[in-house]
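> I would like to see how this sequence folds:
(2 chains)
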Amino acid sequence: MTSSTGTPTGSLARSVQFLQRRHRFHWAEIIPWILAIAVFYLLPGYRLLATQILVMILFALSLDLIVGYAGIISLGHTAFFGTGAYITALMASNDIPDPILGLIAAAAGAAVLGLVSGWVLLRTTGLTLLVLTMAVTIMLQELANDFDEITGGFDGINFTNSEILGLIELDQLWYSSSYIYVLVVLFFGFLTIRTIVYAPFGRMLIGIRENTQRMSAIGTPVHQRQVSVYIISAAIAGIAGALWVQVQGNVTTEVYTFELSGEVLIMLILGGTGRLYGAFLGATVYKILESTTEQVLGTDEPYWQFAIGIVLILTVLFARRGLFGIFEDIVKKFKGASKGEVQ
Amino acid sequence: MKKYLIPAISAAGILALSGVQADAREYKIGFIGPMSGGAAQLGQQMERGAKLYMKLHKGELGSHTVKMIVRDSKRPGGPIAKAAAQELITRENVELITGLIFSPNAMSVAPLINKSKTPVVIMNAGTAFIPNMSPHMVRVSFTMWQAGYIMGQHAANKMGCKTAVSGYSNYPPGKDSIAAFRKGFVASGGKVIDEIPMGGPAKVPDMTPFFQRAKSKNADCMYVFVPAGNHAAAVAKTYQALAMRKAGTKLVGPGDITQDTQLQGMGSAADGVVTAHHYNMFLKSAENQAFVKAWQAEYGANSVPDFVGVGGYDGMAAVYAAIKGANGGKLTAAGAMKVLRGWKYNSPRGPISIDAETGDIVQNVYISVVRQKGGKLVQEIQQKFEAVKDKCKELKLGKCGKKLY
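Alright, predicted model coming up:
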């Protein structure tokens, strides 16, 4: 931001201006939402898949908050996703079928787990942290499998939600109301996350990610901040888990698998970490490759893992900032030349 | 005027119907199974079985044809199978869904097909209560109770086992299976002294500690259920490594532990294992011999069918029967169920039928023992139980006794 020609005051003013401008909405930010609405009308036969993509975006966003912004690497984010999922499913199958209540309870439950596990786990870093987060979700999965009187075990439970606000039924064939419901929740979830990352709190997280010791030295209570963002992220992941099972009307121990944690991390890396819209792009690309590779290639042979693998390798090798990073570069090429703007 | 109205309408109806009959119709059906990942081998077996039936019975539908659209269910859980089913029904307009290896796959699809009124033929998923989840479902595979209960009786009555330990993969089919064994074994005067959970179905655990615990109980029989696939080989090997046969504990189980596709890989470890199951490739019937021959002609001499392959084959036979019943018209759930509930067929596994009331399979169960012959392992049939129904539904245990839709 600082240009060598500007005076100190000019430089400061520009920095302030940059910070102020950053959180403002850019007109282009409406594009994903328009696309989401277009998908609703144009591809009704893919609506369940599209709904699943929206949920995965929210899940990936919650992970981005800790991985991309706070620099907390986790392979166990399904612990929160799954907890939200089971809380909602168990409520619905025990006569509290209201979806909104389910969401709230899922967020609260996941947040509590985030507090308890985060408080302990975030004292570690790096590989230790990675393995411990993984261990938490695997333990929860075993619990869910073992207490099958309650959870239905491996087979899971089927349940039905009541109408949203007593009005809108979550439809189980065309998924029209489900899609809109998830889209609305995703929108508010996104707004929350966006507000957080552009608030001073979010800037502080980036500071912690970049240099933990320095942030400690200037007086930031690092552990406390990390736990705070972990709780927020957990709550949002819990909401994503709740949406996931509400839409499907079915929960199985799959929501706790560490494979799913890995998948969502891959989605995020594909899209690009620490850049909000990376989650949108990554989750969409991943899910589409996962479910339509064979159809596009016109074969019954399973090539989807191969396709995802290639895209992932290429991304990691040539586009370190993810697919959204490529997109940013292209935009910069066009804009940078005309405006001379440096970001 | 009114007098002529009804005859006129029926005449028009008959004309319309005969018109439909003359047209060649393509019936689109959806097939959902794990085509990738750890269970891909099962998906392949099932698909091969289904396609073999289609190939051998091409001319049976007259001018009508069947197009099978395959979708990968990837993981055992519900979401992907369900999205595939939604897409098949709403976009591809399939008239029937089949396949379904894992129970959660079938269970997650149930609410969807109840809404769309799409008939479903389950080719594998074995949790006992699944057909209770939809009036539009039938199952041609098996339930854990069919083999487990009979194995329990046989172990106590014919093998001289007074005590038994059970080991099982810790998920519903495993629990079903050992519950069935316990019921049959105790009813015949035996006593189950320990039931050992042996890890989950997704990954093959190290079996040694579980078998060590079983060995320490000194039971006459050890009943083991693990899902078909890679678990089975580990069971036989561990049993041999711990010298449990010498210690006097006989290994018994459902046929999942001597699955035909895994059997030759077990070597001498499997010699003497006694199982109860509805199919193995060594059945002597003419239908089975023709089936195995056709399979090996199609997929190579080294390829063997197992019970999952037969599930696919018989499932497709059921689908063809339903299509024949539709007679050139649309395949509706009501129409398909009218044909399939009560349907009888001479399968490679022996005569099978679908129970009209429950929608579940009724079939023979065979007791067989593994023997080494000329450097290869074969299964000898020792005893046959005819027309076995699902015990869980007969006894109305838990969810088996309830309507779940």
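> can you pull up the most central residue in chain A?
Nearest to the mean C-alpha position of chain A, by Cα atoms, centre = their mean, lies residue A:60 at 2.0 Å.
> where does residue B:167 land in three-state SS?
Under DSSP: H, G, I helix; E, B strand; the rest coil, residue B:167 falls in the strand class.
> dump the residue contacts of the residue nearest to the spatial centre of chain B.
The centroid of chain B falls nearest to residue B:141 when counting by Cα atoms, centre = their mean (2.6 Å). For residue B:141, the contact set (Cβ atoms under 8 Å, 6 or more residues apart in numbering or on different chains) comprises B:122, B:123, B:124, B:125, B:126, B:307, B:311, B:315, B:361. Just so you know, the C-beta spots here come from the backbone N, C-alpha and C atoms, and that holds for glycine as well.
> with residue A:129 instead?
Residue A:129 neighbours (Cβ under 8 Å, 6+ apart): A:72, A:73, A:74, A:121, A:122.
> could I get the helix or strand containing it in CSV with only the CA atoms?
Element membership for residue A:129 (DSSP states H and E) is helix A:126-146. Extracted C-alpha coordinates of helix A:126-146, given in CSV (Å, rounded to 0.1, in the frame of the first residue of the first chain):
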residue,chain,number,x,y,z
GLY,A,126,1.3,-28.0,14.0
LEU,A,127,1.2,-31.8,13.6
THR,A,128,0.1,-32.4,17.2
LEU,A,129,-2.9,-30.2,16.7
LEU,A,130,-3.7,-31.9,13.5
VAL,A,131,-3.7,-35.3,15.0
LEU,A,132,-5.6,-34.3,18.1
THR,A,133,-8.4,-32.6,16.1
MET,A,134,-8.6,-35.8,14.1
ALA,A,135,-8.7,-37.9,17.2
VAL,A,136,-11.6,-35.9,18.6
THR,A,137,-13.8,-36.5,15.6
ILE,A,138,-12.9,-40.2,15.4
MET,A,139,-13.8,-40.6,19.0
LEU,A,140,-17.1,-39.0,18.5
GLN,A,141,-17.7,-41.3,15.5
GLU,A,142,-17.1,-44.3,17.6
LEU,A,143,-19.4,-43.0,20.3
ALA,A,144,-22.2,-42.4,17.7
ASN,A,145,-21.6,-45.9,16.4
ASP,A,146,-21.6,-47.5,19.8
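> any idea how far it is from the chain center?
Mean-position distance between helix A:126-146 and its chain equals 19 Å (Cα atoms, centre = their mean, to the nearest Å).
> which of the contacts of residue B:141 sits closest to chain A?
Nearest to chain A, judged by Cβ to the nearest Cβ, of the contacts of residue B:141 is residue B:125 at 9.5 Å.
> where's that closest one relative to residue A:237, distance?
In this view, residue B:125 and residue A:237 are 30 Å apart by Cβ to Cβ, to the nearest Å.
> returning to what we had before: show the pLDDT at the residue nearest to the centre of chain A.
On the pLDDT scale, residue A:60 is placed at 97.
> which non-adjacent residue is nearest it?
Ranked by Cβ to Cβ, 6 or more residues apart in numbering or on different chains and with sequence neighbours excluded, the top spatial neighbour of residue A:60 is residue A:279, at 3.7 Å.
> assess the claim that that neighbour and residue A:270 are in contact.
No: using Cβ atoms under 8 Å as the test, residue A:279 is too far from residue A:270 to be in contact (9.7 Å).
> who has more neighbours, the two?
Ranked by neighbour count (other Cβ atoms under 10 Å in any protein chain shown), residue A:279 and residue A:270 place residue A:279 first, with 31 against 27.
> run through the residues that contact residue 50.
If you meant another chain, say so; for now it's chain A. Residue A:50 makes contact with A:36, A:39, A:40, A:43, A:179, according to Cβ under 8 Å, 6+ apart.
> my bad, the chain I had in mind was chain B
Neighbouring residues of residue B:50 by Cβ under 8 Å, 6+ apart: B:31, B:68, B:98, B:99, B:123, B:312, B:313, B:315, B:316.
> most surrounded residue in those residues?
Looking at the contacts of residue B:50 with neighbours defined as other Cβ under 10 Å, the largest count falls to residue B:99 at 34 neighbours.
> pLDDT value on that residue, please?
On pLDDT, residue B:99 comes in at 95.
> format the CA atom coordinates belonging to stretch B:198-216 as CSV.
The C-alpha trace of stretch B:198-216 is given here as CSV (Å, rounded to 0.1, in the frame of the first residue of the first chain):
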residue,chain,number,x,y,z
MET,B,198,-14.5,-56.2,16.4
GLY,B,199,-14.2,-52.7,15.0
GLY,B,200,-16.2,-51.0,12.2
PRO,B,201,-17.2,-52.1,8.7
ALA,B,202,-15.2,-49.4,6.9
LYS,B,203,-11.6,-50.5,7.6
VAL,B,204,-10.2,-54.0,8.4
PRO,B,205,-8.9,-53.9,12.0
ASP,B,206,-6.2,-56.1,13.5
MET,B,207,-8.3,-59.1,14.5
THR,B,208,-5.8,-60.6,16.8
PRO,B,209,-6.9,-59.0,20.1
PHE,B,210,-10.5,-59.9,19.5
PHE,B,211,-9.7,-63.5,18.6
GLN,B,212,-7.4,-63.8,21.6
ARG,B,213,-10.2,-62.7,23.9
ALA,B,214,-12.5,-65.3,22.1
LYS,B,215,-9.9,-68.0,22.5
SER,B,216,-9.5,-67.3,26.2
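> does that stretch come close to chain A?
Yes: for stretch B:198-216, a contact with chain A is found by Cβ under 8 Å from any Cβ of the partner chain, at B:200, B:201.
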